[in-house]
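[1] Take a look and give me a structure for this.
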Amino acid sequence: MTDETPDSLIPYDDIVQDALRAVVGRVLGGIQSNLDLPGAHHFYITFKTSAPGVAIPDHLRQRFPDEMTVVLQNKFWDLTVDDTGFEVGLTFSQVPTKLFIPFSAITAFVDPAVEFALHFQVNLDEDDTPAHGPAENDAPHVQPIEDGSNVVTVDFGRKK
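    Have a look, this model is predicted:
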């Protein structure tokens, strides 16, 4: 017997991440028709701006060349959700803007009202990632796990 873990022929990590991304889709799909967030719920959604399928204006991509966090709380509109991602209207520097974010580009989904957080890994091929300088992002609200593991953190903590 050896202490080595055998390589899996089943992509468990990918399957679990896809299932947890479906949670994000279900939550957003539940509010898309009336755009009312129940109670104090609001969402911080962090995503890779260079991931395939992300549609954001060039000025935002230049400002956030790696990751960007959007907040869905009070001022958003036209939220539409499909099987691949979501589109939402938000204001940046008083300019109305539409974004499309594929679920596969999301690195974190947080609802601070109930201390719920999901963290994901996004695997970008080097060929898909445009060259850019150091990120000048605003301070992130959520830090994804960066230890090189394939761990998905699920925090179901409750306030007491």
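[2] Contacts only, for the residue nearest to Leu99 when sequence neighbours are not counted.
    Distance criterion CB to CB, 6 or more residues apart in numbering; nearest residue to Leu99, sequence neighbours excluded, is Ile56 at 5.1 Å. Using the backbone N, CA and C atoms, a C-beta is placed for each residue, glycine as well. Taking CB atoms under 8 Å, 6 or more residues apart in numbering, we find Ile56 in contact with Thr49, Met68, Thr97, Leu99, Phe100.
[3] Check the spacing between the nearest residue to Val23 once chain neighbours are set aside and Tyr44 real quick.
    Using CB to CB, 6+ apart and skipping the chain neighbours, the partner closest in space to Val23 is Leu118 (6.6 Å). To Tyr44, Leu118 is 11 Å away according to CB to CB, to the nearest Å.
[4] just Ala105 next, same as before
    For Ala105, the distance to Tyr44 (CB to CB) stands at 15 Å.
[5] Same drill for the two, tell me which one is more crowded.
    Ranked by neighbour count (other CB atoms under 10 Å), Ala105 and Tyr44 place Ala105 first, with 24 against 18.
[6] tell me the centre residue of the protein?
    Nearest residue to the geometric centre of the chain (CA atoms, centre = their mean): Ile106, 2.5 Å.
[7] what is that residue paired to in the beta sheet?
    Per DSSP bridges, the residues bridged to Ile106 are Phe47.
[8] just checking, it touches Phe120?
    Yes: counting by CB atoms under 8 Å, Ile106 touches Phe120, with 5.8 Å between them.
[9] got the buried residues for the lengthiest helix in the chain?
    If you go by DSSP state H, the chain has its longest helix at helix 12-31. For helix 12-31, a neighbour-count test (16 or more other CB atoms under 10 Å) marks Gln17, Leu20, Arg21, Val24, Gly25, Val27, Leu28, Gly29, Ile31 as buried.
[10] need the contact list for the last one.
    For Ile31, the contact set (CB under 8 Å, 6+ apart) comprises Leu37, Leu79.
[11] ok, His59 - how many residues close by?
    12.
[12] Relative to Asp18, how far out is it?
    In this view, His59 and Asp18 are 32 Å apart by CB to CB.
[13] Could you tell me the backbone phi and psi angles at Phe103?
    phi -60, psi -30 (degrees, to the nearest 10).
[14] Give me the nearest residue to it, chain neighbours excluded.
    Nearest-residue entry for Phe103: Arg21, 4.2 Å, with adjacent residues in sequence omitted and distances by CB to CB, 6+ apart.
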